[in-house]
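[1] Task: produce atomic coordinates for the following.
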Amino acid sequence: MAVASHLLAQGKELDLSEMKKQEPSMQVKVIEGLGKLLSKDKNEYTICKILSKMKEMNDYKVRIATAKVLGTVK
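    Numbers count the residues shown, from 1 in each chain. All right, here's what the predicted structure looks like:
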């Protein structure tokens with residue numbers, strides 16, 4: 001959750017190169033954290049922007065987790 005908040009704080013200066021170095025299971029946790037923030041209606045645009053970039057990750061678990069979270073967007 002803290003990593004998700006940190007990504008959100010970066011906003012437009014988002015650099016996912018560090019994220020790409022993480023294990024897929026960690027990436028999934030970050031996506032789930034973003035989903036929790038999204039469900040609280042916080043910075044929906046920025047979260048969706050981050051998630052759309054997360055879809056570019058190579059691991060299928062990460063893409064599935066991203067799709068699940070994006071499915072919750074209003």
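
[2] Tell me where this protein is predicted with low confidence.
    Along the chain, the model assigns pLDDT under 70 to residues 1-2, 4-15, 41-42, 72-74.

[3] Helices of that one, start to end?
    Under the criterion DSSP state H, the chain contains helices at 2-10, 17-21, 24-39, 44-54, 60-70.

[4] What sits closest to M19 if chain neighbours are left out?
    Counting by C-beta to C-beta, 6 or more residues apart in numbering, M19 lies nearest to Q27, which is 6.2 Å off, once chain neighbours are set aside. In short, each C-beta sits where N, CA and C put it, glycine included.

[5] count of residues packed around the one you found?
    Q27 has 24 neighbours, counted by other C-beta atoms under 10 Å.

[6] got it, and K21?
    Using other C-beta under 10 Å, K21 has 9 other residues around it.

[7] Now do stretch 63-74: distance to the chain's middle.
    The chain centre lies 9 Å from the centre of stretch 63-74; the measure is C-alpha atoms, centre = their mean, to the nearest Å.

[8] Is the residue nearest to M19 in contact with V62, as I believe?
    Yes - assessed by C-beta atoms under 8 Å, Q27 is found in contact with V62 at 4.7 Å.

[9] Now the common contact residues for these two.
    Counting by C-beta atoms under 8 Å, 6 or more residues apart in numbering, the contacts common to Q27 and V62 are M54.

[10] separation between the residue nearest to M19 and L37?
    Per C-beta to C-beta, to the nearest Å, Q27 is found 16 Å from L37.

[11] picking up where we left off before, how about the residue nearest to M19, what does it touch?
    Contacts of Q27 by C-beta under 8 Å, 6+ apart are 19, 54, 57, 59, 62, 65.

[12] measure Y45 to K20 for me?
    For Y45, the distance to K20 - C-beta to C-beta - is 23 Å.

[13] T66 now?
    14 Å.

[14] shared neighbours of those two, which are they?
    M57.

[15] Please say which of the two ends up with more neighbours.
    Using other C-beta under 10 Å, the more surrounded residue of T66 and K20 is T66, with 23 against 14.

[16] Test my guess that the more buried one contacts K55.
    Yes - with contact defined as C-beta under 8 Å, T66 counts as touching K55 (4.9 Å).
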